[in-house]
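Engineer: Sequence plus predicted model, see below.
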Amino acid sequence: MDLASETAADDSNAGAASFEADEADLFERPILVERPQRQLIPFVFSSPHSGRNYPDAFVAGSNLDPVTLRRSEDCFVEEIFGGVVPLGAPLLQARFPRAYLDANREPYELDPTMFAEPLPPHVNTRSLRVAGGLGTIARVVADSAEIYRAPLAYAEAEQRIRHLYMPFHETLRELLEETLAAFGHAVLIDCHSMPSVGGPADDDNGFDRPDIVLGDRYGTSCGGSLTAEAERALKRLGYSVARNNPYAGGFNTEHYGRPARGLHALQIEINRALYMDEARLERTDRFVQVRDDMTAFAAELAGYDWSALGGGVRGAAF
């Protein structure tokens with residue numbers, strides 16, 4: 001099966017959470033890619049955290065009810081950015097939920113306290129993300145509630161990483177390499193949503209958040225002109241915008257953002273209160289407006305000549 005040719009129209013669960021998802025189907029079709037008939041702009045959009053196909057065995061083995069399991073999910077983000085495809089950009093999305101496997105991490109960031117046996121030496125057990133319970137296989141959901149009733153076998157983590165994580169990143173690399181080859185530069189827009197108020201584990205605990213947070217790893221993952229123009233475009237649409245606080249960009253932004261090679265990565269976090277009921281995990285009346293605004297934002301970025309973003313360093317992209 002050609003994973004990169006999958007489209008959102010093929011996903012029978014699109015638009016609704018599935019708590020009866022078949023694990024075998026999820027492993028066979030871990031991602032969806034919507035491709036334009038012809039790529040017209042040097043942008044690749046990715047939504048690694050909006051998947052909502054929850055394997056039934058995972059739900060059955062959890063301490064948490066289905067709604068609480070979804071607290072880490074970037075609900076509906078792939079729909080909010082769906083308008084980029086007619087503009088001429090591909091959109092990659094994970095079908096698997098973040099609580100099950102987080103594609104915005106290193107491949108092996110694992111918490112040893114979660115497993116029934118010692119972990120192999122190649123596993124990163126000491127990252128800050130692991131310490132917070134949010135490694136590649138998360139120990140907690142976003143509000144710090146423990147997910148699992150019992151320790152996992154390491155083989156379970158290996159299976160998820162091989163069948164979900166690897167296909168996601170193989171496809172993302174392919175999309176960026178194709179874009180770089182076609183345009184001489186490529187821009188990854190990593191699309192996320194955030195709770196409207198900082199949580200207990202966040203530096204901004206209890207504080208209201210801006211409408212949008214742009215993360216460029218403090219200027220290292222993306223050309224400054226692109227970040228600045230993205231901020232101006234969003235402000236023209238009426239949104240309050242912050243940079244790198246409280247989110248500077250995760251693994252994907254840091255890993256794929258290599259401006260010297262013509263590869264740029266910018267993370268965008270949208271305040272969930274703008275478009276959804278955070279308690280009920282349902283779209284509000286403002287959803288359509290936010291979706292249309294994000295299409296307008298992408299269209300404005302697409303209208304600029306970004307040829308100056310091309311890198312001067314030759315060699316393999318990754």
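Structural biologist: Done, it's in.
Engineer: So which residue is smack in the middle of this structure?
Structural biologist: Computing the C-alpha centroid of the chain and ranking residues by C-alpha atoms, centre = their mean puts residue 48 first, at 2.9 Å.
Engineer: Could you look up the next helix or strand downstream of the host helix or strand of residue 177?
Structural biologist: Counting by DSSP states H and E, the secondary-structure element that holds residue 177 is helix 166-183. Following the chain from helix 166-183 toward its C-terminal end, the next helix or strand by DSSP H and E is strand 186-194.
Engineer: low-confidence ranges in this structure?
Structural biologist: For the chain, applying pLDDT under 70 flags the ranges 1-20, 314-318.
Engineer: hmm, back to that, my read is that the residue nearest to the centre of the chain contacts residue 252, right?
Structural biologist: Yes. Under the criterion of C-beta atoms under 8 Å, residue 48 makes contact with residue 252 at 6.5 Å. Backbone N, C-alpha and C define where each C-beta goes, glycine included.
Engineer: Could you tell me how many residues sit around the closest residue to residue 36 other than its chain neighbours?
Structural biologist: Closest residue to residue 36 apart from its sequence neighbours, by C-beta to C-beta, 6 or more residues apart in numbering: residue 88 at 4.7 Å. Residue 88 is surrounded by 17 other residues when neighbours are defined as other C-beta atoms under 10 Å.
Engineer: how far away is residue 88 from residue 194?
Structural biologist: Separation of residue 88 from residue 194 (C-beta to C-beta, to the nearest Å) stands at 28 Å.
Engineer: same question, residue 229
Structural biologist: Between residue 229 and residue 194 the distance, using C-beta to C-beta, works out to 22 Å.
Engineer: Kindly report the same for residue 263.
Structural biologist: According to C-beta to C-beta, residue 263 stands 25 Å off from residue 194.
Engineer: In terms of neighbours, single out the busier of these two.
Structural biologist: Using other C-beta under 10 Å as the criterion, residue 263 and residue 194 rank with residue 263 on top: 24 against 21.
Engineer: Find the residues that touch each one of residue 48 and residue 252.
Structural biologist: 103, 104, 190 (C-beta atoms under 8 Å, 6 or more residues apart in numbering).
Engineer: burial of the residue lying closest to the second one once chain neighbours are set aside, as a residue count?
Structural biologist: Across the structure, with C-beta to C-beta, 6+ apart as the measure, the residue nearest residue 104 apart from its sequence neighbours is residue 250 (4.3 Å). Other residues within reach of residue 250, judged by other C-beta under 10 Å, total 22.
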